[in-house]
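In: Starting from these lines, generate the structure:
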Amino acid sequence: MKRASLVSVERKADRLIVMNCNSSRRNALSPEYYDGLSQALDLANQGTEIRSVILMGEGGYFCAGGDLNTLVKRREMTVLERKNNIEKLHNLVRKVRDCAKPVIAAVDGGAAGAGVSLALACDFLVAERQSQFTLAYVKVGLVPDGGATASLSRLIPRQLVVEMCLLGQPVSAERLYQLGVVNVLSDKPALAEAHLIADRIAQGPTRAQGAIKRLVSAADHNSFEGQMDLERDTMAEALGHDEAQEGISAFLERRSPNYA
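Out: Here you go, the predicted model:
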């Protein structure tokens, strides 16, 4: 296990577990966490040994987002300097979304601010039943960042996006589960359910999984025709790969495929 003061990165078999260890500040984001998560994602992108990445927070809370004490200091910066700092968060969100391996958010307690953005950037969102998601920027005269409005507007009705952002009130994991934002609503710590998803991912074809992630991401901005063209090209390539040979053979032979 690699651990800095505010982040730990632990490899367990075929997965990486990245823990935000800033529990005294409800796991607010820190430069150490940015670096640790970025390095973990780089490692996951190398080869096929790492099959998934799990994000979690220490002490029963996922992530409180930006540290307000830090934001106070940024008020003294120029607008360009502020933009550059926000772009660091945005680049991390992009890196989570673009990771070649599935990324799973294990949310206990809840997420707030950019912590919500980070959770929404993941491919799977597991939430402990009592957890809540809060975008309270408006209460301190700020606006959402980290892609929060972009992600939510693709997932839930406009009225709920406006409610979350304009009122800044917590929304329960159960409500988001009913709307399909949360994949698994857990009655036990979210990490246990995240591991179950990682187990299933590990049994699948890693190259095809990465290609599916790219297709889903591209659908956000492609036209229907453009997306069909991309599906055609990606499918044609997949058919020629060893994974497809093993998968088709296993299906026809009525056995479980071995993608190791």
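In: doesn't residue 105 fall inside a strand?
Out: Yes - residue state for residue 105 (DSSP: H, G, I helix; E, B strand; the rest coil) corresponds to a strand.
In: Surely residue 170 is in contact with residue 110?
Out: Yes - contact criterion CB atoms under 8 Å: residue 170 and residue 110 qualify, at 7.0 Å. Where you see a C-beta, it was placed from the backbone N, CA and C, and this is true even at glycine.
In: what do the two both touch?
Out: The overlap between the contact sets of residue 170 and residue 110 (CB atoms under 8 Å, 6 or more residues apart in numbering) consists of 132, 133, 134.
In: List the ones among the residues you listed that fall in helices.
Out: Within those, no residue falls in helices by DSSP state H.
In: Relative to residue 15, which of the residues you listed is nearest.
Out: Distances from residue 15 to the shared contacts of residue 170 and residue 110, taken as CB to CB, are shortest for residue 133 (24.2 Å).
In: For the closest one, grab the count of nearby residues.
Out: 26 (other CB atoms under 10 Å).
In: is it in a bridge, and if so with what?
Out: Assessed by DSSP bridges, residue 133 has beta-bridge partners residue 111, residue 171.
In: sorry, back to before: from the shared contacts of residue 170 and residue 110, pick the one nearest residue 245.
Out: residue 133 (42.7 Å).
In: Restricting the selection to alpha carbons, write the host helix or strand of residue 195 to CSV.
Out: Secondary structure from DSSP states H and E places residue 195 in helix 190-202. Extracted C-alpha coordinates of helix 190-202, given in CSV (Å, rounded to 0.1, in the frame of the first residue of the first chain):
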residue,chain,number,x,y,z
ALA,A,190,-20.4,0.6,0.2
LEU,A,191,-16.9,-0.9,-0.3
ALA,A,192,-18.3,-4.4,0.1
GLU,A,193,-20.7,-3.9,-2.8
ALA,A,194,-18.0,-2.1,-4.8
HIS,A,195,-15.9,-5.2,-4.5
LEU,A,196,-18.7,-7.4,-5.8
ILE,A,197,-18.9,-5.2,-9.0
ALA,A,198,-15.1,-5.3,-9.3
ASP,A,199,-15.3,-9.1,-9.1
ARG,A,200,-17.7,-9.2,-12.1
ILE,A,201,-15.5,-6.8,-14.0
ALA,A,202,-12.5,-9.0,-13.5
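In: Any buried residues in it, and which?
Out: Under the neighbour-count criterion of 16 or more other CB atoms under 10 Å, helix 190-202 has 190, 191, 193, 194, 195, 197, 198, 201, 202 buried.
In: Could I get the phi/psi values of residue 242?
Out: Residue 242 has phi and psi values of phi -60, psi -30 when expressed as degrees, to the nearest 10.
In: What residues of stretch 249-260 count as buried?
Out: Neighbour-count burial for stretch 249-260 flags 257, 259 (criterion: 16+ other CB under 10 Å).
In: what does it rub up against?
Out: 203, 204, 205, 206, 243, 246, 247.
In: three-state assignment of residue 164?
Out: What three-state DSSP gives for residue 164 is helix.
In: where's it relative to residue 172, distance?
Out: Distance of residue 164 to residue 172, computed by CB to CB, to the nearest Å: 12 Å.
In: list the residues that contact both of those two?
Out: Taking CB under 8 Å, 6+ apart as the contact rule, residue 164 and residue 172 both touch residue 133.
In: can you point me to the longest helix in this protein?
Out: Secondary structure of the chain read by DSSP H shows that its longest helix is helix 79-98.
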